[in-house]
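Undergrad: could you look at this predicted model? Sequence included:
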Amino acid sequence: MADITLNKIYVKVWRQNSPKDSGRFETYEVENISQGSSFLEMLDILNDNLIREGKDPIAFDHDCREGICGMCSLYVNGRAHGPDRDITTCQLHMRKFKEGETITIEPWRAGAFPVIKDLIVDRTAFEKIQQAGGFVSVNTGGVPDGNAIPISKVDADEAMDAAACIGCGACVATCKNSSAMLFVAAKVSQFAKLPQGKVEGARRAKAMVAKMDELGFGGCTNTGACELECPKAISISHIARLNREYLVAKLAD
Amino acid sequence: MSTIDNKIPAGPLAEKWSKHKAAIKVVSPANKRKLDVIVVGTGLAGASAAASLSELGYNVHAFCYQDSPRRAHSIAAQGGINAAKNYQNDNDSVYRLFYDTIKGGDYRAREANVYRLAEVSPLIIDQCVAQGVPFAREYGGLLDNRSFGGVLVSRTFYARGQTGQQLLLGAYSALNRQIAKGGVKMYTRHEMLDVVVKEGKARGIIARDMVTGQVKRFGAHAVVVATGGYGNVFFLSTNAMGCNGSAAWQCYKKGAWFGNPCFVQIHPTCIPVHGDQQSKLTLMSESLRNDGRCWVPKKKEDAEKLQKGLIKANDIPEEDRDFYLERRYPSYGNLVPRDVASRAAKERCDAGYGVNNTGLAVYLDFKYSIERLGKKVIEARYGNLFQMYEKITDVDPYTEPMQIYPAIHYSMGGLWVDYNLMTNIPGLYAIGEANFSDHGANRLGASALMQGLADGYFVLPYTIGDYLANEIMTPKIDTKAPEFDEAEKAVTGRLQQLFNIKGKEPVDYFHKKLGHIMWDYVGMSRNEAGLIKAIAMMKELKKEFWSNVRIPGEMNNVNPELEKAGRVADAIEMGILMAQDALDRNESCGGHFREESVSEDGEAQRNDEKFTYVSCWEYKGEQAEPVLHKEDLVFENIKLSQRSYK
Ligand code: SF4
Ligand code: FES
């Protein structure tokens, strides 16, 4: 698996100094990138060059660089998290790119995610949705033994499938309506599958959906684009479950 | 005997915690509302503490540098969390978990702290289940367990390969509930840059808003530091890019002691370094050693051919494979503790048996378990890890063995705390990886999550009351006090100074240099000459940094280079202290291996007569050398012996 080196690539990046700035694309050349390097390592090298040239490096969000924290959030060549399936931007490798290629990098674009600087966006709206109902209302202490309630393996596994969401926002960025349904559905569905979460299932579904609408995310028209770009392959079947939960909650009103 | 008061209660080990809880003070609900607590960091320890303290009624102010508390690096823990539930009926118990942890830590942790950790561990599992954490289950619907290194029972609970994520999301959901209720005020994209000490007590912090660049003051009756470890001193580690020891370092510079700085964990199963463009290393969970077998070729010529890329792993016949862990440690085999497994891999590679082009890799092979259990079972157990490995390396681990090599992973050392998790500065607490207290010289797998949540859910919420009960008459902390002026001035002064250097080299240049010095001389194997040399090199590097670093951009805008510069400036100083501590401790224990202290068969050799203590370093100013205090470790229940996993 000897990785070859790309002699030269071009990187066309969205630059925007602040939320008020109107922003524009700029193109940079980057040389000698090993295909074994990650995409973000390529950006590190570009930034190193920019700093040495006395220019402002490109600001982008990242932290764990192993696909789990959900911080990285780049729109690469027209796709959320770039041209590969089931990965985050930090897991994207330069093997996916060719010699001499121009790579276009943009921030997540959605009304509910305003740009802070360059490729960094503000995802506080996701926090607010979780605060509206993404929890089981128990305090620390005084809970029953962990084995007191048996949960079927199938349900536990399905709950885990939904719980794998990393809160990156790729679903919103990729959706033409900027809908956050997949993100909301993942949390609602995780709890709906577990007896602990069922108790306040109706209230949760209503509260989270209401908050999502209030914050300016668009409605879901079932295009399925989110599922394709979700790095954790969260299935849109969870959206169906959210809709059922929501309907039941509304009927009970 | 040392005169350090660690506040460990008298009495039999098993009764200490309950007696202590009965004796410490409790704050009334009406008074809790008047008390402010700052929690810095929102990983397992910080998020669980912030949520629990708010539930009790305190006003909590929580801080994290990420855009959401859910992104703290606890999220990346893969394998699992230990608890003495004995659900498997394999004779596990609180005592056995306590014993394994003390032994695994090579007898350099406090008995009382570790016993308490084992004692509260079952409560953690109950709590997480109640929160809706989707732990793995058996077909009968009950919780499933797996084994981890350094133990002979099955006590690790897990949620696929994402246990840290699920536990953190549990704590995060509890935190969110409190944020919604108004009990916690959450500050994201804020970085703590100093702790404010007034009349000897911690009274607040100075933090920079990472979006606007504004430097702000926050006051509180107590400050809790839950900011994780300092592994990134090595540049390359399994830590997240933003992980840093700076908050702890600021506390140290304000007088809090630093405990056992030289104890860092090198994890045996990470993806090897691919080249000099690399920015971080990726861990492959220890749980893989349950089913994977570590090997290198028996014959040097085979190793050389592998290094040149002339043959592949599968070309080497069975009889020519050296399963070196099974050979050296027949009773624990591939499940020896991390420090032992790391050194064994290094030993084979140093001897020339490495299997990749750099010669710094060994195999972790699943062929045997796939033959035994079938691909389906292995996929169910480790599917996401295998996928992650393939994405990074472009190699399919179902058909070719993984290549792995040790990497820096965790810091056992950290801020010194007493039994109440309070540092020697009254009102300043350190919890989770940020403190030194529970893992001795080596942490066992699946114990970091246990400790973070034990501290945050079940220890700190009790012990902090003992201190705050005496603070009920203290009014809201006035952030206009001269101590805040001074701290803020120092912080802005330093930021300005960094900015004004306008040198030639970016921050990473210095960070990488630091990393090389640390890995070469303060890494897996240490000796006197190397440590002395490293200290001199780092002192030189510090000068170079402060005269030649270049920070672009603006002060009052998003500026990752400025953030990194502050952290790397601290990391260089931390590296020096780590080397000084390693130099003082002329024994091999756990992750700390001194070449001068080796047994006849090449194993690490402790020196209990001289080194059965916690080293507590006290800062004495920029120009002076730090002073070493020693807290004697007293073992009343366990007899010290050389660890053996043979
Ligand atoms: S559902 Fe998928 S794409 Fe959306 S936030 Fe979660 S992980 Fe990201
Ligand atoms: S940086 Fe954490 S998921 Fe990409």
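TA: Here it is on my side, so go on. Numbers count the residues shown, from 1 in each chain, chains lettered A, B, ... in the order given. Ligands and ions are numbered 1, 2, ... in the order given.
Undergrad: please make it C-alpha for all contacts and neighbour counts, starting now.
TA: OK.
Undergrad: can you pull the contacts of the closest residue to B:P426 other than its chain neighbours?
TA: With CA to CA, 6 or more residues apart in numbering or on different chains as the criterion, B:P426 has its nearest non-adjacent residue at 5.0 Å, and that residue is B:K201. B:K201 makes contacts with B:I425, B:P426, B:G427, B:L428, as judged by CA atoms under 8 Å, 6 or more residues apart in numbering or on different chains.
Undergrad: phi first, then psi, for B:K201.
TA: In terms of degrees, to the nearest 10, the main-chain angles of B:K201 are phi -110, psi 150.
Undergrad: would you mind measuring from the residue most central in space within chain A to ligand 2?
TA: Against the mean C-alpha coordinate of chain A, by CA atoms, centre = their mean, the closest residue is A:C168 at 2.0 Å. Relative to ligand 2, A:C168 is positioned 8 Å away (criterion: CA to the nearest ligand atom, to the nearest Å).
Undergrad: with B:I572 instead?
TA: Summarising the geometry, the distance separating B:I572 from ligand 2, computed by CA to the nearest ligand atom, is 25 Å.
Undergrad: isn't that residue up against B:K513?
TA: No - with contacts defined as CA atoms under 8 Å, B:I572 does not count as touching B:K513, sitting 9.9 Å away.
Undergrad: these two - which one has more neighbours?
TA: A direct count of neighbours by other CA atoms under 10 Å in any protein chain shown for B:I572 and B:K513 places B:I572 higher, at 25 against 16.
Undergrad: ok, that one - contacts?
TA: B:I572 is in contact with B:V233, B:L514, B:M538, B:L541, B:K542, counting by CA under 8 Å, 6+ apart.
Undergrad: from the chain's centroid, how far away is the host helix or strand of it?
TA: Secondary structure assignment for B:I572, by DSSP states H and E: helix B:560-584. Its chain's C-alpha centre and that of helix B:560-584 lie 16 Å apart, by CA atoms, centre = their mean, to the nearest Å.
Undergrad: stretch B:172-180 and chain A in contact?
TA: Yes - using CA under 8 Å from any CA of the partner chain, we find that stretch B:172-180 touches chain A at B:S173, B:A174, B:N176, B:R177, B:I179, B:A180.
Undergrad: quick one: pLDDT of the residue of the stretch 251-400 of chain B found nearest ligand 2?
TA: Residue nearest to ligand 2 within the stretch 251-400 of chain B (CA to the nearest ligand atom): B:K280, separated by 10.8 Å. Predicted confidence (pLDDT) for B:K280: 91.
Undergrad: can you check B:G161 too?
TA: If you check B:G161, the pLDDT there is 85.
Undergrad: which non-adjacent residue is nearest it?
TA: Spatial nearest neighbour of B:G161, chain neighbours left out: B:Q78 (4.7 Å); criterion: CA to CA, 6+ apart.
Undergrad: isn't the one you found right up against B:Q162?
TA: Yes - with the criterion set as CA under 8 Å, B:Q78 and B:Q162 qualify as a contacting pair; they are 4.7 Å apart.
Undergrad: who wins for most neighbours among the contacts of B:I572?
TA: Top of those by neighbour count (other CA under 10 Å): B:V233, with 28 neighbours.
Undergrad: shouldn't that residue be within a strand?
TA: No - counting by DSSP: H, G, I helix; E, B strand; the rest coil, B:V233 falls outside a strand, being helix.
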